[in-house]
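Peer 1: Fold the stuff below for me.
(2 chains)
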2 protein chains.
Amino acid sequence: METLAEKILSGDEVAAARLMRAIDDDLPMAAEELRKLYKYTGNAFIIGVTGSPGVGKSTLVDALITGFRKRNMTVGVVAVDPTSPFTGGALLGDRVRMGNHATDKGVFIRSLASRGWTGGLSRATTSVIHVLDAMKKDIILVEAVGSGQGEVDISRVSDTTIVVLSPGAGDEIQMMKAGILETADVYVVNKADKDGAENLRVQLESMCSMKDRKSEEWNPCILMTQAYTGKGVDEVISALLQHRDFMVKNGDIKKRHLQQARLELKDAAEYALRKRITSVLESAYIEQLANNLMEKKVDPYTAADEVMSKALSSRKPRKTV
Amino acid sequence: METLAEKILSGDEVAAARLMRAIDDDLPMAAEELRKLYKYTGNAFIIGVTGSPGVGKSTLVDALITGFRKRNMTVGVVAVDPTSPFTGGALLGDRVRMGNHATDKGVFIRSLASRGWTGGLSRATTSVIHVLDAMKKDIILVEAVGSGQGEVDISRVSDTTIVVLSPGAGDEIQMMKAGILETADVYVVNKADKDGAENLRVQLESMCSMKDRKSEEWNPCILMTQAYTGKGVDEVISALLQHRDFMVKNGDIKKRHLQQARLELKDAAEYALRKRITSVLESAYIEQLANNLMEKKVDPYTAADEVMSKALSSRKPRKTV
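Peer 2: Presented below is the predicted three-dimensional model:
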């Protein structure tokens, strides 16, 4: 019997879909299979696409898929944007675009449920990226909303980050406050035919020029697109590949990979501990503790100490994540 | 020497501000003081005010403060909304309203930095609520953005929840998807003089009537306000107090308090574990592990097991949260 991991490595898409489902459902077997896949990862070029709802992220992702396919590169997509048509846009009657690539074996699209937003999502995203990577996709596009608060910081899981803006969205201040704008390697002003697009470009340019940058540093490009018609998308692809070459040459790609490894380690360790504490918190004695808390017989900090002691004393054998 | 907690209990506002600052900065002494205050909490009526940016949450909060003060009730405010003028609205030149109550000893306003958004914020919010509660504020207003993804679920720390909407914001679908609309005990349609307000009210009404509700259940009110002029705000206050009486009578308030205790216990326990793991992750050996990960010498799951073993073996004496 072949394992899921072996099947995936030999190109079985159904097996890949099953593992991704298991990741999304947080099944224990997912970690076992990922363990086996991990050493086959690290070859794909991971591109994050972020921006507020409505700026046209999904349309741009769609156009990028088409563009990379024309260059004979295979593409994987992870959509972690709850407003994305790839994810759940059915509500908005907008799943059409996903269909554009349904019959193309060189494209694999996977969306992630929003259930895990707090904490778990960046872990699940990274895991799905690994699967796509092991499937030997050349390019992995990660689409995530980035309007400001609490979202997945896509730049931490990507080799390069596109921040998409559009005229009239009026969220530049929010994004600047949240530090999203800063994460861009490539800015895309989408809906470039609309009023205010040129103005937005000038604003971004002046923001970029304000930043004190060393001469050997990458200077973020600002590109104009009309993703819906495909206009300007080729230039975006060129800029992305140029950025990759730049990072390979100056060694930045290695630094980013190390940073990704650090983050993943942290996520995995936190997850393991969280599992441990959940198993304690789900036990019956927690109700008693919550009752004592409500009746002010104990304070939450002392109670947390108790839970912690219990979690630490219920040591399980290692290797069972 | 009086402790901070003792000073706060005897009405010292400077001491309260100091403790809140320590909570926001996540200093260890904060937990010690909160431990002492905890048994004096549980008397305030905690009202969550949520809604998307721009609907007028802060203006409503401001008007509610004025309204409760007219009824001779003291008021505490926690603003966990990064776009709130109470928090950081200086950028938008809009800190004016906060000044309305600056000289009123019956009002205490505290904002929380957005730094802790992922995970830590609901804990910090709860802690500040406890301090305001121990300060014997009758009413505690908690203002938080709730546009959809990853934000603090304000209904979990509040006794009653107001969801604020305004015509033209167009975020009803987002809020519905995120389950925010469902959390309301009181809906406020603000900017009721604007086009579309009546339409919004009708939509909310039809949504409420769709829900199968038992006869003894609270039926959320839908109220129209122009918070800026104060119009309709008295009716909101009446509805809030009515909801409190309703919950006291049917015992729901106790259920909500128990649920709050459960959540706080979970947050506190997770926090304690997170601290533990951070101390391990900050050690030098983690760099080695991240390097091994990047070079695919180890997979993240096995590495996480290692971190976990290390965290569990470095047991500290109890009571040091």
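
Peer 1: Retrieve the pLDDT associated with the nearest residue to residue A:40 once chain neighbours are set aside.
Peer 2: Spatial nearest neighbour of residue A:40, chain neighbours left out: residue A:134 (4.5 Å); criterion: CB to CB, 6 or more residues apart in numbering or on different chains. Quick note: C-beta positions are derived from backbone N, CA and C, even for glycine. Looking at residue A:134, its pLDDT is 96.

Peer 1: Do I have it right that residue A:134 meets residue A:41?
Peer 2: Yes: the criterion here is CB atoms under 8 Å, and residue A:134 meets it with residue A:41 at 5.6 Å.

Peer 1: So the two - more neighbours on which side?
Peer 2: The residue with more neighbours, out of residue A:134 and residue A:41, is residue A:134; 24 against 18, by other CB atoms under 10 Å in any protein chain shown.

Peer 1: Residue A:164 looks like it's in a strand, true?
Peer 2: Yes: counting by DSSP: H, G, I helix; E, B strand; the rest coil, residue A:164 falls inside a strand.

Peer 1: Count the neighbours of it for me.
Peer 2: 28.

Peer 1: Distance of residue A:219 relative to residue B:60?
Peer 2: According to CB to CB, to the nearest Å, residue A:219 and residue B:60 sit 45 Å apart.

Peer 1: These two - which one has more neighbours?
Peer 2: Neighbours were counted for residue A:219 and for residue B:60 using other CB under 10 Å; residue B:60 has more, 25 against 12.

Peer 1: what about the helix or strand hosting the more buried one and chain A, any contact?
Peer 2: Using DSSP states H and E, residue B:60 sits within helix B:57-70. No: counting by CB under 8 Å from any CB of the partner chain, chain A is not contacted by helix B:57-70; separation bottoms out at 14.3 Å.

Peer 1: Just the C-alphas of that helix, formatted as CSV.
Peer 2: Taking Å, rounded to 0.1, in the frame of the first residue of the first chain, the C-alpha atoms of helix B:57-70 are listed here in CSV:
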residue,chain,number,x,y,z
LYS,B,57,-19.2,53.4,16.8
SER,B,58,-17.1,56.0,18.6
THR,B,59,-19.7,58.7,18.2
LEU,B,60,-22.3,56.3,19.6
VAL,B,61,-20.1,55.3,22.5
ASP,B,62,-19.6,59.0,23.2
ALA,B,63,-23.4,59.6,23.2
LEU,B,64,-24.0,56.5,25.4
ILE,B,65,-21.5,57.9,27.9
THR,B,66,-23.5,61.1,28.1
GLY,B,67,-26.8,59.2,28.3
PHE,B,68,-25.6,56.9,31.2
ARG,B,69,-24.1,59.9,33.0
LYS,B,70,-27.5,61.6,32.9
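
Peer 1: For it, which helices and strands make contact with it?
Peer 2: strand B:45-51, strand B:75-79, strand B:139-145, strand B:160-165, helix B:233-250 (3 or more CB pairs under 8 Å, 6 or more residues apart in numbering or on different chains; DSSP states H and E).

Peer 1: The second one pairs with which strands, parallel or anti?
Peer 2: According to DSSP bridges, the neighbouring strands of strand B:75-79, each with its direction, are strand B:107-111 (parallel), strand B:139-145 (parallel).

Peer 1: Point out the most buried one among those.
Peer 2: Mean neighbour count, computed with mean count of other CB atoms under 10 Å in any protein chain shown, is highest for strand B:139-145 among these, reaching a mean of 27.

Peer 1: Need the residues that contact stretch A:191-210.
Peer 2: Applying CB atoms under 8 Å, 6 or more residues apart in numbering or on different chains, the external contacts of stretch A:191-210 come out as A:55-56, A:165-168, A:172, A:176, A:181, A:187, A:189, A:219-220, A:222, A:224-226, A:231-232.

Peer 1: Show me what from the stretch 151-300 of chain A comes close to chain B.
Peer 2: Contact residues, the stretch 151-300 of chain A versus chain B (CB under 8 Å from any CB): A:151, A:173-174, A:177-178, A:254, A:257-258, A:260-262, A:264-274, A:276-277, A:280-281, A:286, A:289-291, A:293-294, A:296, A:299-300.

Peer 1: re the thing from before, for my notes, please list the strands paired with strand B:75-79 in CSV and give distance to residue B:48 and mean pLDDT for each entry.
Peer 2: Listed next are the strands paired with strand B:75-79 as CSV, based on distance: least, CB to CB, whole Å; pLDDT from 0 to 100:
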stretch, distance to residue B:48, mean pLDDT
strand B:107-111, 15, 88
strand B:139-145, 5, 90
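
Peer 1: Run through the stretch 201-321 of chain A and note the low-pLDDT ranges.
Peer 2: The stretch 201-321 of chain A contains residues with pLDDT under 70 at A:281, A:283, A:312-321.

Peer 1: repeat that with 50
Peer 2: Counting by pLDDT under 50, the stretch 201-321 of chain A has low-confidence residues at A:316-321.

Peer 1: Where do the helices of it begin and end?
Peer 2: A:233-250, A:252-281, A:285-294, A:300-313 (DSSP state H, counting those that start in this stretch).

Peer 1: Report the buried residues of stretch A:189-202.
Peer 2: Judged by neighbour count (16 or more other CB atoms under 10 Å in any protein chain shown), stretch A:189-202 contains these buried residues: A:189-192, A:197, A:200-201.

Peer 1: Output the strand or helix carrying residue A:129 as CSV, restricted to C-alpha atoms.
Peer 2: If you go by DSSP H and E, residue A:129 is part of helix A:120-134. Only the C-alpha atoms of helix A:120-134 are listed here, as CSV (Å, rounded to 0.1, in the frame of the first residue of the first chain):
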residue,chain,number,x,y,z
GLY,A,120,-4.1,28.0,13.1
LEU,A,121,-4.4,29.5,9.7
SER,A,122,-0.8,30.4,9.0
ARG,A,123,0.1,26.8,9.9
ALA,A,124,-2.5,25.4,7.6
THR,A,125,-1.5,27.7,4.8
THR,A,126,2.2,26.7,5.2
SER,A,127,1.2,23.0,5.1
VAL,A,128,-0.8,23.4,1.9
ILE,A,129,2.1,25.3,0.4
HIS,A,130,4.3,22.3,1.2
VAL,A,131,1.9,19.9,-0.5
LEU,A,132,1.9,22.1,-3.7
ASP,A,133,5.6,22.3,-3.5
ALA,A,134,6.0,18.6,-3.2
